[in-house]
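Colleague: Requesting a structural model of the entry that follows:
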Amino acid sequence: MKLTDLLLSAGLAAGLSLGISIDARSQTAPEIVEIDRIIAVVNNDVIVQSEMLTRMRVVIEQLEKSGVPAPPRDVLEKQVLEQLILDRLQMQIAASTGIRVDDEALNRQIADIARRNNLTLREFRDILQRDGFVFAAFREEIRRELVKSRVQQRQVQDRVQVTDRDIDNFLATRDKQGGENPEYRLGHILVAVPDGASPEELADAKDEAEDIIARLRAGANFGRTAAAESDGQQALEGGDLGWRKGGELPTLFEEVAPKLEKGGVSDVIRSSSGFHIIKLIDVRGAERHVINQTHARHILVKTNEVLSANAARSRLRVLRARILNGADFTELAKASSDDPGSAVKGGDLGWLNPGDTIPPFEKTMNSLEVGVISEPFETQFGWHIVQVMGRRDRDSTEEVRRAKAAEALQKRKVDEELQSWFRQIRDEAYIEYRLDE
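Modeller: You can find the predicted model right below:
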């Protein structure tokens, strides 16, 4: 019987999965020696023992590096086999739905892995070979992981949505549990008013509070001011309320304090006892995110077959000179800018965060003083002039907090949906176990 006949009689579409060899030295009938065996059938594919043993070695090494003892061998075998079954099912879905990763995308991914490890591609290959990995096999393993990732994205991740209500509920629950609940150290000044105060007394007290705020924001020492002028109980301690968790703050202050930047002084806070002023002396237990924003506007002139780079630059020089001589930037931008998104707004780009624009544009913009109009400069989009209209520090802590909550929720939902999807594809598949044979 020929080798191909043996493979067909085993019910296999390809011989590589069976792992048999023929002793060609024998002069009698060929002796078939089994060096691998099938341990599971997954639809029309098989998993062989060598695959499981290879995966088990990797898992054991990872557990040892993490300091986690490996489970008993029989338990580990079943766990690894389940992983292999799920992997095989996902690759079958990829094949049936046309999901693939071409060599170009694979090369980009491998180059990115090397770059994240501060290695050249050659250095990366040398390290893999030194550690006993065959680079070609490594490439194919990365390809399989990318394919599975794309399958999961199409089947699960793209369908998962996180709503604002989800985020609100998540943050409310976490705050009740004390998670990421920051502590605030506040300074407090009270301008008291008597019970039944007249409108004139209320107005005078409010004016006094506004005057104190103006002096504090101009640089007056908060503690000294509180000790001299506050009617609060902590006046002699410089108005220092000490460290308090968000939930322990007076109700009047619990919404104001989180919105203050460190060192910031609040506006007047009204209560039945008078007019309050608080200063955020310090905060701990939660990272604050303050970004420097730039308000800018620009005029873009694109080059083309008719308009050369020199002509575009010359046109902008003329426009800049007209603006410096009193022409209205907004009107010239509406009439002359080739950026349709900002031209209708007079070239206004709004408040920009770092990274919102391409590097050459941001570099030029950041070099300008407020009010100054740049000389014409070139980017990949054409030639520009830009004017900085203002700069500010913006506390984006709450936005970052919500973004992190959305990310955590997305991951939680995806994990839950993935587990459900894994159960579904297993239930719908034909799986035959042969591990104990």
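Colleague: Does anything pack onto the helix or strand harbouring E64? Which helices or strands?
Modeller: Element membership for E64, per DSSP states H and E: helix 49-66. For helix 49-66, the packing partners by 3 or more Cβ pairs under 8 Å, 6 or more residues apart in numbering; DSSP states H and E come out as strand 38-42, helix 73-97. For every residue, glycine as well, the C-beta is placed using N, CA and C.
Colleague: Go through that helix and flag the buried ones.
Modeller: By 16 or more other Cβ atoms under 10 Å, the buried positions in helix 49-66 come out as Q49, E51, M52, R55, M56, V59.
Colleague: mind listing the strands for the stretch 101-250 of the chain?
Modeller: Here the stretch 101-250 of the chain has its strands, by DSSP state E, counting those that start in this stretch, at 183-192, 240-245.
Colleague: per-stretch mean pLDDT over those strands, give me the minimum one.
Modeller: The stretch with the lowest mean pLDDT among the strands of the stretch 101-250 of the chain is strand 240-245, at a mean of 87.
Colleague: Show me what it is in contact with.
Modeller: Strand 240-245 has contacts (Cβ atoms under 8 Å, 6 or more residues apart in numbering) with 178, 181-188, 223, 234, 281, 284.
Colleague: List just the nearest of those to N304.
Modeller: P182 (54.0 Å; Cβ to Cβ).
Colleague: For the closest one, grab the count of nearby residues.
Modeller: P182 has 15 neighbouring residues, counting by other Cβ atoms under 10 Å.
Colleague: Surely it and V283 touch.
Modeller: Yes - applying Cβ atoms under 8 Å as the test, P182 and V283 come out as touching, 5.4 Å apart.
Colleague: Mean neighbour count and distance to P199 added to the strands of the stretch 101-250 of the chain, as CSV?
Modeller: Output for these, formatted as CSV (neighbours: other Cβ atoms under 10 Å; distance: least, Cβ to Cβ, whole Å):
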stretch, mean neighbour count, distance to P199
strand 183-192, 22, 16
strand 240-245, 16, 30
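Colleague: distance between stretch 205-223 and the chain's centre?
Modeller: Chain-centre distance of stretch 205-223: 40 Å, with Cα atoms, centre = their mean, to the nearest Å.
Colleague: roughly how far apart are I142 and G390?
Modeller: 47 Å (Cβ to Cβ, to the nearest Å).
Colleague: Look at these two and report which has more neighbours.
Modeller: Comparing I142 with G390 by other Cβ under 10 Å, the one with more neighbours is I142, at 15 against 11.
Colleague: possible to save the strands of the stretch 101-250 of the chain as a markdown table with distance to P69?
Modeller: Formatted as a markdown table, the strands of the stretch 101-250 of the chain follow (distance: least, Cβ to Cβ, whole Å):
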| stretch | distance to P69 |
| --- | --- |
| strand 183-192 | 39 |
| strand 240-245 | 39 |
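Colleague: who are the neighbours in contact with the nearest residue to R144 once chain neighbours are set aside?
Modeller: Spatially, and ignoring its direct neighbours in sequence, R144 is nearest to M91 (6.7 Å; Cβ to Cβ, 6 or more residues apart in numbering). With contact set as Cβ under 8 Å, 6+ apart, M91 has these partners: R144, V147, K148.
Colleague: likewise S336?
Modeller: Counting by Cβ under 8 Å, 6+ apart, S336 makes contact with I299, V301, R315, L319.
Colleague: Write the PyMOL selection for whichever of these are buried.
Modeller: Buried subset of the contacts of S336, written as a PyMOL selection, criterion 16+ other Cβ under 10 Å:
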select buried, resi 299+301+315+319
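Colleague: of all the contacts of S336, which two lie farthest apart?
Modeller: Spatially, the most separated pair among those is I299 and R315, at 9.3 Å (Cβ to Cβ).
Colleague: follow-up on the earlier one: grab the two from the buried residues of helix 49-66 that are most spread out in space.
Modeller: Taking Cβ to Cβ as the measure, those span a maximum distance of 15.3 Å, between Q49 and V59.
Colleague: Buried residues, the strand or helix carrying M365. List them.
Modeller: For M365, the element it lies in under DSSP H and E is helix 359-366. Neighbour-count burial for helix 359-366 flags F361, E362, T364, M365 (criterion: 16+ other Cβ under 10 Å).
Colleague: now do stretch 321-329
Modeller: The neighbour-count check on stretch 321-329 (16+ other Cβ under 10 Å) flags I323, F329 as buried.
Colleague: And that stretch, how far out from the chain middle?
Modeller: 42 Å.
Colleague: give the contact list for A137.
Modeller: For A137, no residue meets the contact criterion (Cβ under 8 Å, 6+ apart).
Colleague: separation between it and M365?
Modeller: Computed as Cβ to Cβ, the A137 to M365 distance reads 49 Å.
Colleague: Kindly report the same for R57.
Modeller: According to Cβ to Cβ, R57 stands 54 Å off from M365.
Colleague: What distance do you get for Q62 to R55?
Modeller: 11 Å.
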